[in-house]
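Trainee: Provide a 3D model corresponding to the input given below.
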Amino acid sequence: MIRTPPTAPSRDLRRDVYAAGAAALLVTAAVLAGRHIQDTRRTLFVDWPPVLASWVPHTGPGTPAAVLTAVATVAYGPVLAARLPWRALLPAAWGTSVVWILSLALVDGWHRGVAERLTTRHEYLQVIDRFHDVPAALRGFTGHILLDSPDNWPAHVAGHPPAATLTFVLLDRAGLRGGGWAGMWCVVAGATACVAVLVALRALADEVLARRAAPFLVLAPAAVWMGTSADAYFAAVAAWAVALLALAVTRGSPGWAGASGLLFGLTCYLSYGLTLVALIAGAVLVLGRRGVRRRPVVLASLLAGLVVVPAGFTLAGFDWWEAYRLLVTRYGQGAGGIRPYGYWVWANLACAVLVTGPATVAGLRRTTVSLLRHRSGPRAGVRLAFLVSAALAALLVADLSGMSKAETERIWLPFALWLLPACALLPRPRLWLTAQGLLALLLNHLLLTGW
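Mentor: Residues are numbered from 1 along each chain as shown. Next comes the predicted model:
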């Protein structure tokens, strides 16, 4: 009997499955090795490595909505993303993302899943009263970072520049007090990140790829940790900084460039690690270099906007560099100084697989192929691959730095969201969307996550 050789599409699909299978093995190894280390040495400080979670199978009030949203997105997402007018697609993606994130959070119930997440002893709402005099709090901020300092800040306050805490202080001053409002702020604001990524993809690659990516950005397993985590809000600010920069370089708009610079400056004062978003911004500038060359005022506007937030905080008395130096010391004083780098440097990547899902792993395989064949491949696909690769580089630098040992399922959200567009290169989107949605549902219903 003569065997027909497999076609190129079937070979590619098989390789996609192999890549996803290899990622599943990485996660399995991280779970088994992590359980052994934690059971014998107790040095990981997580109950269900590699993520901060406990094995607690459960359902909740959000379960029906989460299942329904996943099924509807798998069934109708690709078709609607291809057919809806662009101006309708963006709010539809945002709305569906809000429902997906919130329904997953509500699997744990309103209080545990939303209202209490940002009120625990490590979180921002614990220090609202200490910011009644904001200028004085900024001037004295670095004096409370170290564990042995008087009235040291809670972990998340000390671990971030003060713009993170000030966000929740401003919400409180506006009358939106308590964990419920803070949690919903993170959910609603964080969900806009998918819209920002779509805007950037359309500007830098093309609309077809942006539309193909839309259902994957909505149904991302990352939603498990976006509701409710302040890192979801940070991810949205960073994503809009990149999106506005993409509009600026492709349209030659100084206004968009200035707004992008403002958001990039804010991003650096929300989280120290988000300075690595500069790698993604650099990729945008490379992709839009022709527009920048035609209108150098775009770059000038970007730089002018970029200095506004740092200048404001510096004039108010906050020293970013001194704060970061002290944070490195505090990191060594706490769990960060005990958690073994040799485990987390690769187990963090297993966390990234859980956050982005098997479809993203398969998509990253295809982006690698696109870059290797950049001379003969579709131009839009190569541009998308270049942008995704920049995000992957930022994630890997964060990993190698040793300042992200554990809890990267939330810390790396701002980078992970830019890996999801790789899924636009995949055929059979419903198959891969099913895998994404199923993973998120299993994670949220089998584990009681810390975020």
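Trainee: what's the spacing between residue 344 and residue 398?
Mentor: Distance, residue 344 to residue 398, by CB to CB, to the nearest Å: 12 Å. In this view, the C-beta of every residue, glycine as well, is placed from N, C-alpha and C.
Trainee: Now for these two: what residues contact both?
Mentor: Where contact means CB atoms under 8 Å, 6 or more residues apart in numbering, the residues bridging residue 344 and residue 398 through contact with each are residue 404.
Trainee: of these two, who's got more company?
Mentor: When residue 344 and residue 398 are compared for neighbours, residue 344 comes out ahead with 26 against 20, by other CB atoms under 10 Å.
Trainee: Name the SS class of the closest residue to that one other than its chain neighbours, please.
Mentor: Take residue 344 and drop its neighbours on the chain: the residue closest to it by CB to CB, 6 or more residues apart in numbering is residue 405, 4.0 Å away. When states are read from DSSP: H, G, I helix; E, B strand; the rest coil, the local structure at residue 405 comes out as coil.
Trainee: Might you list the low-confidence residue ranges for the protein?
Mentor: 1-8 (pLDDT under 70).
Trainee: Tell me, how many residues neighbour residue 39?
Mentor: Taking other CB under 10 Å as the definition, residue 39 ends up with a neighbour count of 9.
Trainee: hmm, I was thinking of residue 323
Mentor: Residues near residue 323, counting by other CB under 10 Å, number 18.
Trainee: circling back to that earlier point, quick one: the residue nearest to residue 344 and residue 355, what's the gap?
Mentor: Computed as CB to CB, the residue 405 to residue 355 distance reads 16 Å.
Trainee: Looking at the two, which is more packed in?
Mentor: residue 355 (29 against 23).
Trainee: So which bits of the helix or strand hosting that one are buried?
Mentor: With secondary structure defined by DSSP states H and E, residue 355 is part of helix 341-372. Across helix 341-372, burial judged by 16 or more other CB atoms under 10 Å covers 343-344, 347-370.
Trainee: distance between that helix and the chain's centre?
Mentor: Offset of helix 341-372 from its chain centre (CA atoms, centre = their mean, to the nearest Å): 14 Å.
Trainee: Toward the C-terminus, what is the element adjacent to that helix?
Mentor: Stepping forward along the backbone from helix 341-372, the first helix or strand reached (DSSP H and E) is helix 379-400.
Trainee: what is the orientation angle of that next one with helix 341-372?
Mentor: Note on geometry: by axes from the mean of the first three to the mean of the last three CA atoms, to 10 degrees, helix 379-400 and helix 341-372 are set 170 degrees apart in direction.
Trainee: and helix 379-400, what does it pack onto?
Mentor: Taking 3 or more CB pairs under 8 Å, 6 or more residues apart in numbering; DSSP states H and E as the contact definition, the neighbouring helices and strands of helix 379-400 are helix 179-204, helix 207-218, helix 277-287, helix 341-372, helix 408-411, helix 413-416.
Trainee: Give me the buried stretch members for it, please.
Mentor: Neighbour counts over helix 379-400 (16+ other CB under 10 Å) mark 380-396, 398-399 as buried.
Trainee: Provide the contact partners of the one helix or strand residue 311 maps to at residue level.
Mentor: With the criterion set as DSSP H and E, the secondary-structure element containing residue 311 is helix 308-315. Applying CB under 8 Å, 6+ apart, the external contacts of helix 308-315 come out as 138, 161-163, 261-262, 265-266, 268-269, 320.
Trainee: And stretch 78-97, by the same measure?
Mentor: Outside of stretch 78-97, the residues that reach it under the criterion CB under 8 Å, 6+ apart are 69, 73, 191-192, 194-195, 198-199, 202, 207, 211-212, 214-215, 217-218, 223, 429-430, 433.
Trainee: One more: stretch 172-187?
Mentor: Surrounding stretch 172-187, the residues in contact under the criterion CB under 8 Å, 6+ apart are 98, 101-102, 105, 110, 114-119, 124-125, 128, 167-168, 171, 226-230, 232-233.
Trainee: For residue 77, which residues are in contact?
Mentor: Taking CB under 8 Å, 6+ apart as the contact definition, residue 77 lies against 214-215, 218-219, 429, 433.
Trainee: In three-state terms, label it for me.
Mentor: Taking three-state DSSP as the rule, one finds residue 77 in the helix state.
Trainee: Can you give me the separation between it and residue 102?
Mentor: Computed as CB to CB, the residue 77 to residue 102 distance reads 18 Å.
Trainee: Residue 427 now?
Mentor: Here residue 427 is placed at a distance of 31 Å from residue 102 (CB to CB).
Trainee: Kindly report the same for residue 160.
Mentor: 24 Å.
Trainee: hmm, back to that, would you mind checking the contacts of stretch 78-97 for buried ones?
Mentor: Those of those that meet the buried threshold are 69, 73, 191-192, 194-195, 198-199, 202, 211-212, 214-215, 217-218, 223, 429, 433, by 16+ other CB under 10 Å.
Trainee: packing partners for the host helix or strand of residue 304?
Mentor: With the criterion set as DSSP H and E, the secondary-structure element containing residue 304 is helix 297-306. The contact analysis (3+ CB pairs under 8 Å, 6+ apart) places helix 297-306 against helix 230-251, helix 254-268, helix 289-294.
Trainee: Nearest to residue 55, out of those helices?
Mentor: helix 230-251 (23.2 Å; CB to CB).
Trainee: May I have that closest one exported as CSV, CA atoms only?
Mentor: This file holds the C-alpha atoms of helix 230-251, laid out as CSV (Å, rounded to 0.1, in the frame of the first residue of the first chain):
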residue,chain,number,x,y,z
ALA,A,230,-3.4,45.4,40.5
ASP,A,231,-1.0,43.9,37.9
ALA,A,232,-4.0,43.7,35.6
TYR,A,233,-4.3,47.5,35.8
PHE,A,234,-0.5,47.9,35.4
ALA,A,235,-0.7,45.7,32.3
ALA,A,236,-3.5,47.9,30.8
VAL,A,237,-1.5,51.1,31.3
ALA,A,238,1.6,49.6,29.7
ALA,A,239,-0.5,48.1,26.8
TRP,A,240,-2.0,51.5,26.1
ALA,A,241,1.4,53.2,26.1
VAL,A,242,2.5,50.7,23.5
ALA,A,243,-0.7,51.0,21.5
LEU,A,244,-0.5,54.9,21.4
LEU,A,245,3.1,54.6,20.3
ALA,A,246,2.1,52.3,17.5
LEU,A,247,-0.5,54.9,16.4
ALA,A,248,2.0,57.7,16.7
VAL,A,249,4.7,56.0,14.5
THR,A,250,2.3,54.8,11.8
ARG,A,251,0.3,58.0,11.6
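Trainee: If you count neighbours, what's buried in that helix?
Mentor: Counting neighbours by 16+ other CB under 10 Å, one finds that the buried residues in helix 230-251 are 230-250.
Trainee: Just give me the neighbour total for residue 443.
Mentor: Residues contacting residue 443 under the criterion other CB under 10 Å number 21.
Trainee: Wait, it touches residue 353, no?
Mentor: No - at 11.4 Å, residue 443 does not count as touching residue 353 under the criterion of CB atoms under 8 Å.
Trainee: Enumerate every residue touching residue 262.
Mentor: For residue 262, the contacting residues are 305-306, 308-309, taking CB under 8 Å, 6+ apart as the criterion.
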